[in-house]
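>>> Fold the following.
(chains A and B)
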Amino acid sequence: MGEVEKTFISGLKEELVEEKVIDESQLDPNFAKEIKKYGGKDVMTCLQCGNCTGVCPISLKIDYKTRSIIKYCQFGLRTYTLGTRWVCATCYRCYEHCPADINPAEVMIALRHIAVREGVIPPFIKVAATNLVRYGQSVKPDEEINKIRKELGLGDIHTFSPDFKKVLREISVLIHASKYDKLIGIEDEVMV
Amino acid sequence: MGSPEPLKKDPVTSTPPATGTETTTPRIGVFVCHCGSNIAGVVDCPRVTEVASKMPGVVVARDNKYTCSDLGQDEIVKAIVEAKVDRVVIASCSPRMHEPTFRACIQRAGLNPYVLHMVNIREQCSWVHNQEKQRATEKAIDLVRMGVSKAARLIPLEAREVPVEPKALIVGGGVAGIQAALDLGNMGFKVYLVESKPSIGGVMAQLDKTFPTGDCAICILAPKMVELARHPNVTLLSYSEVEEVKGYIGNYEVKVRRKSRYVHEDKCVGCGVCAEVCPVKVDNEFDMGFGKRKAIYVPFPQAVPLKYTIDKENCLHFKTGKCLLCVKECTNKAIDHKMEDEVLDLKVGTIIVATGFQTYVPMKKGVYKYWEYENVITALELERLLNASGPTGGHLIRPSDQKTPRRVAFIQCVGSRNKKIDRNYCSRVCCMYAIKNAQIIKEHEPGTEIAVYYNDIRAFGKGFEELYHRVREEFGVEFIRGRPAKLSENRETKSIMIRAEETLMSKITEREFDLIVLSVGLLPSEGSKRIGKTLGLSLSSDGFFAEAHPKLRPVDTATDGVFLAGCAQSPKDIPDSVAQAKAAASSAAAIMFSGKVKIEPLTVEVDESLCVGCGLCVEQCPYGAPELIQNEEGRTRARIIEALCHGCGTCAASCPQNAITAKQFTDEQICSELTAALSQNGQAKTAGKKAEEGV
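Residues are numbered from 1 along each chain as shown, chains lettered A, B, ... in the order given. Have a look, this model is predicted:
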């Protein structure tokens, strides 16, 4: 497994991919509707031409096939995409090229919504959310970043300035009010 | 055009006599159709019938499983006779479907065919409300109530007959137009074939071979072209455009502009001496820009008519006023730079539209880099490169270095099946022409490596699947299921790398090819828009002309006497185009053989005492039916040319004086329908609601 794959989908490898026969019990005909509910377009219109995979910058790095994920969605094989749905960078190139006018990137986002609501949350999401609460951004700021900023002639990162406390508080309030903390499981971090 | 006599105020039918008149109380019969489960699956038909039987004026109400069947029709006839019915309401499908059927049916029972009112409880009720059965039934009852109310006020009308000119106009000289012209000519009708290009032949003349049999396209087409040109009944008007069409079925008046060739057709013998001396060389559009032609030219050697044409834009004489080398050389004195366009007036009874198609032009900034990479060509360009009489004499070369390509890729569905560019339809021929061309390349150069990038292969016609098999088995052509995502050119070799997901392997592939052929889709031809507007033809969602009924009237249009043939109607291959041309010719002949045609009496009439001659109706009418005349008292009044009127009612709605009445859509009839719609069991619905709300 490559580095990228490890970071993003460790612990979420599709369990069922190895199965030789897919029986009826695994199929969910309502899955496409569910995806629509969470903002994806109708995956049933996909022609399976593979153009999305071909243009995807991620597919060149790891074993990730946009087209296959859409196919699993058509069948309603919910657990088949547990890990891969998180690797999409939402660059929207697939959408630009799709002849069926589906937006695979937004399907991925819808899949993530569904996963989170089902309680399947990869560790890096929790980390990012925690960072957001603590530092006001999803990437943890450190001395390394400050060093680069200095070299570029920029000031210290805003997170460390005392004025930023107020902003952090506002972020916490928002996260709590939208129940995002509960959804992701970071209630302890949020001070309201 | 002979102006028909003005209508009498109250037309009285002669055949058959109307049993109902204004004075007696109408006796209405209501017939509710189940249409199998199409209607009855949603609407409670027996209940609709029961409620209808109690509506004012209704003397008989029946429901039937299939009203349009022989049995169903017999039941209507029986009920009409038994209950002495004089107005008929049939609640079933759209009148577009069966109005003629039921008109004939009640005529058999001795009624005037126009005392029929059809209520649409299928398309406008059961099909659209299939989730709400209870409310659909209520709506059906309301619709029937409206229909009964209108039926009580129906007036018997009489259809008129007009003579038919036994001549046909065919627009477009491709294979469909040629076939239709030959068929009609052979039946003995006078035919005018109008073609906008200098030669007939259409796109088929440009092709190399035809699928699935591999016949040389021009070899099978040229004899037909020659036969047409020599046919005594056919007048070939090449390099001409239809300017204007007026009139109606059986009596169309057409203006055709004969564009000036600057060469007299009667004098030119096609010797070609003029072209030899002409100093101007330009790209030949017939060869898709690969070959050259002169400014005075015939597009291809087998052109019909074999008459030279001067291309005004490039001719040196038109640019500088000098040269005239061709004039000096022409022994027959056929060339005349001062020649002018000529306008012909034709009178025809029927028109066949065979305006064909044009191929999709890849986008300027598209993924497939047609405009950037020299070695990306379209399929029609490949046809010219493979053609023995083409610019390379049939030797396949690639444009960048004129060398024979060793690796060729076809990319399918370019400009077809793509929602992004609003081309949702399948062009139906690209799969097969790509397969056919792959075979031809393999036959010319067996060592060539060929890959076809496809989404789905559609080999549906006779002998198509066998050809698909053959290219895979005998010729080893590779088929890769996947839409290419990226093309990138090697700057030195000018070869092109294709990246695509081979979806069946779920692997991304990158392969290099020397030549890329885009299998471009078919679009309606540019000129078809104008001719469609002139004839008032409607378009389908794909932009091609709409047929009158997708299954049962595939070559007819909504305009009577106008038929469709070939790719003007939808993308199709040569066998289908020829078959449709023959169908259109036979449909047109059926009208012309009978010599007369019935004109629908659902038209409008003008009350001269109310008309002030403002002329608004003349401006509004899409068919040119109203005209302004001076009456006996010398006052300007509008009059309707009945044969031109389609009964659309636009003039009636716009007349500020209410002087125009649309027959069977009078204010009284429509108001009675509305009143019925707003009432429930004889009481106004709104009043009931107000009572509920305690207002």
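>>> For chain A, just list every one of the strands.
In chain A, no segments count as strands under DSSP state E.
>>> domains for it, by residue range?
A:3-117, A:123-184 (automatic domain parsing).
>>> for chain B, what are the low-confidence residue spans?
Residue ranges of chain B with pLDDT under 70: B:1-23, B:680-695.
>>> Now do the closest residue to chain A within it against A:Ser59, distance only.
Nearest residue of chain B to chain A, counting by Cβ to the nearest Cβ: B:Ala485, 2.4 Å away. Every C-beta, even on glycine, is put in place using the N, C-alpha and C of the backbone. The gap separating B:Ala485 from A:Ser59 is 9 Å, by Cβ to Cβ, to the nearest Å.
>>> any common contacting residues for those two?
By the contact definition Cβ atoms under 8 Å, 6 or more residues apart in numbering or on different chains, B:Ala485 and A:Ser59 are jointly contacted by A:53, B:501.
>>> What about the residue of chain B closest to chain A, how many residues nearby?
23 (other Cβ atoms under 10 Å in any protein chain shown).
>>> my guess is it contacts A:Val55, does it?
Yes. Assessed by Cβ atoms under 8 Å, B:Ala485 is found in contact with A:Val55 at 4.3 Å.
>>> so of the domains of chain A, which one's packed in deepest?
Stretch with highest mean neighbour count among the domains of chain A: domain A:3-117 (a mean of 18; mean count of other Cβ atoms under 10 Å in any protein chain shown).
>>> and the nearest residue to B:Pro362 once chain neighbours are set aside, what helix or strand is that in?
Closest residue in space to B:Pro362, ignoring its immediate chain neighbours: B:Tyr370 at 3.8 Å, by Cβ to Cβ, 6 or more residues apart in numbering or on different chains. Here B:Tyr370 is covered by no helix or strand, with elements defined by DSSP states H and E.
>>> go on, B:Phe318?
B:Phe318 belongs to helix B:316-320, assigned by DSSP H and E.
>>> elements contacting the longest helix seen in chain B?
Counting by DSSP state H, the longest helix found in chain B is helix B:574-594. For helix B:574-594, the packing partners by 3 or more Cβ pairs under 8 Å, 6 or more residues apart in numbering or on different chains; DSSP states H and E come out as strand B:167-171, helix B:175-186, strand B:350-353, strand B:562-564.
>>> Buried deepest among the ones you listed, which one?
By mean neighbour count, with neighbours taken as mean count of other Cβ under 10 Å, strand B:350-353 ranks first of these at a mean of 30.
>>> contacts for that one?
The contact list for strand B:350-353 (Cβ under 8 Å, 6+ apart) reads B:164, B:168-172, B:177, B:180, B:245, B:249-250, B:252, B:254, B:528, B:531-532, B:535, B:537, B:545, B:557, B:561-565, B:568, B:581, B:584-585, B:588, B:591-592.
>>> And the next helix or strand past it?
Assigned by DSSP H and E, the successor of strand B:350-353 is strand B:357-359.
>>> That following strand pairs with which strands, parallel or anti?
Sheet pairing of strand B:357-359 (DSSP bridges) gives strand B:522-524 (antiparallel).
>>> tell me the contacts of the residue nearest the centre of chain B?
Centroid check for chain B by Cα atoms, centre = their mean gives B:Phe545 as the closest residue, at 2.8 Å. Going by Cβ under 8 Å, 6+ apart, B:Phe545 touches B:353, B:524, B:528, B:532, B:537-539, B:557, B:564, B:568-569.
>>> what's near enough to touch B:Ser672?
B:Ser672 neighbours (Cβ under 8 Å, 6+ apart): B:149-150, B:152-153.
>>> And for B:Val242?
B:169, B:171, B:194, B:254-257, B:531, B:534.
>>> Verify the assumption that it is located in a strand.
Yes. Membership of B:Val242 in a strand is supported by DSSP: H, G, I helix; E, B strand; the rest coil.
>>> Without its sequence neighbours, what residue ends up closest to whatever residue of chain A ends up closest to chain B?
Using Cβ to the nearest Cβ, A:Gly54 is the residue of chain A that sits closest to chain B, at 2.4 Å. Nearest non-adjacent residue to A:Gly54, counting by Cβ to Cβ, 6+ apart: B:Ala485, 2.4 Å away.
>>> ok, back up a step: and the helices and strands packed on helix B:574-594 as TSV, adding distance to A:Gly40?
Output for those, formatted as TSV (distance: least, Cβ to Cβ, whole Å):
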stretch	distance to A:Gly40
strand B:167-171	47
helix B:175-186	44
strand B:350-353	43
strand B:562-564	41
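>>> Verify the contact between B:Ala589 and B:Gly185 for me.
No. Using Cβ under 8 Å, B:Ala589 makes no contact with B:Gly185, being 10.7 Å away.
>>> related to what we said a few turns ago, please flag which of the contacts of B:Ser672 sit within strands.
Those of those lying in strands (DSSP E): none at all.
>>> out of these, who's nearest B:Gly272?
Using Cβ to Cβ, B:Lys150 comes nearest to B:Gly272 of the contacts of B:Ser672, at 69.7 Å.
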